[in-house]
Structures are given as structure tokens and as C-alpha cells.
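**Student:** With the sequence up front, the predicted model follows.
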Amino acid sequence: MIKRQSTDWDRFLRRSLKQLLSRPPLKFAEMTPSMLPQVAGVYLITKLERGTETPYYIGRTKNIKQRLYNNHLMGRRSSAPLKKYLIDNQVCSTIEEAKEFILRYCVARWIEESDYRIRGAIEGYCTAVLFPPYGIEEEH
């Protein structure tokens with residue numbers, strides 16, 4: 001039998017998810033590099049349409065600014081997994097259409113977390129609870 005760790009860990013993960021969801025969303029269409037911190041954390045990208053948000057992607061990163069702006073928004077297919085997923089799942093046909101989709105419909109929120117193991121735990125927990133169609137990817 002595996003000994004279960006303290007319920008403090010359960011509370012921490014629930015609190016982290018609540019904190020992530022309570023952050024005000026930042027529209028990709030309004031995003032500039034200066035709006036984003038250069039810190040490690042966990043982020044959530046949702047599709048916002050007609051006032052309803054649908055979780056699309058949860059990730060963890062060593063640098064929020066780099067990951068959200070440079071990779072997800074401005075990146076090529078090889079460095080922008082959400083764009084790749086949108087194309088592979090035939091939501092969009094081209095990288096340009098995928099970028100336009102993200103600009104038109106997507107928002108992001110994040111929480112800071114410096115410890116990579118804790119980032120992984122938060123990402124996994126949030127993915128399990130929110131179950132976005134696109135998800136756990138290699139950390140950058």
C-alpha cells in the first residue's frame with residue numbers, strides 16, 4: 001500500500017486551480033510582450049466565444065512571456081503546439097489561420113511557480129479537472 005501524503009497537497013492544488021481561474025483573462029488580440037512576465041508558471045488558454053470560455057490548452061513553462069507571446073502567438077508550427085493541434089484537428093487549415101483563430105477567440109491566464117516539479121503537478125491537476133482537448137506538452 002502506498003502511503004498518501006497530507007491533504008495539504010490536495011488543498012494546494014485546488015487553491016492553485018482556483019487562483020488560475022480567478023485571474024483576469026488577457027486576450028491574445030490585445031497582448032503585447034510588455035504585458036507578460038518573464039517568470040516560470042502554469043498557464044491556461046481558453047476559447048472565448050459569446051461570453052463562454054472553453055478550456056483549450058494548459059501548459060507549464062520556464063518563461064510565461066516567451067511561451068505565450070513568442071511561441072503560441074508568434075511562433076511557427078514547430079514551436080507553437082496550439083497552432084499545430086488546431087491544424088492537425090482540422091479546426092484551421094494553415095498556420096496563418098491558426099494564428100488568426102488564436103487572435104480572434106483565445107485568452108490566456110497564468111500563475112507563477114518557480115519549482116518545476118510543482119509546475120508539473122499543477123499542470124497535471126488542472127488538465128485532469130478542466131480536461132482541455134489540447135494539453136500536456138513538453139515544458140519550455
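**Tutor:** Cool, the structure landed. Residues are numbered from 1 along each chain as shown.

**Student:** going forward, measure contacts between C-alpha atoms and count neighbours the same way
**Tutor:** Will do.

**Student:** pretty sure I45 is in contact with I102, am I right?
**Tutor:** No - using C-alpha atoms under 8 Å as the test, I45 is too far from I102 to be in contact (9.3 Å).

**Student:** if you count what's nearby, which of these two comes out ahead?
**Tutor:** Set I45 next to I102 and count neighbours by other C-alpha atoms under 10 Å: I45 wins out with 28 against 23.

**Student:** From the chain's centroid, how far away is the worst-scoring helix or strand of the chain on mean pLDDT?
**Tutor:** Across the helices and strands of the chain, mean confidence by mean pLDDT, DSSP states H and E is lowest for helix 81-88: a mean of 91. Taking C-alpha atoms, centre = their mean, to the nearest Å, the mean C-alpha location of helix 81-88 is offset from the chain mean by 14 Å.

**Student:** got the contact list for the helix or strand just after that helix?
**Tutor:** Remark: after helix 81-88, the chain's next helix or strand is helix 95-105, criterion DSSP states H and E. With C-alpha atoms under 8 Å, 6 or more residues apart in numbering as the test, helix 95-105 has contacts from 27-29, 47-49, 73-74, 76-77, 83-84, 86-87, 91-92.

**Student:** and helix 95-105, what's its mean pLDDT?
**Tutor:** Per-residue pLDDT values over helix 95-105 give a mean of 96.

**Student:** now do stretch 64-79
**Tutor:** Per-residue scores along stretch 64-79 average to 92.
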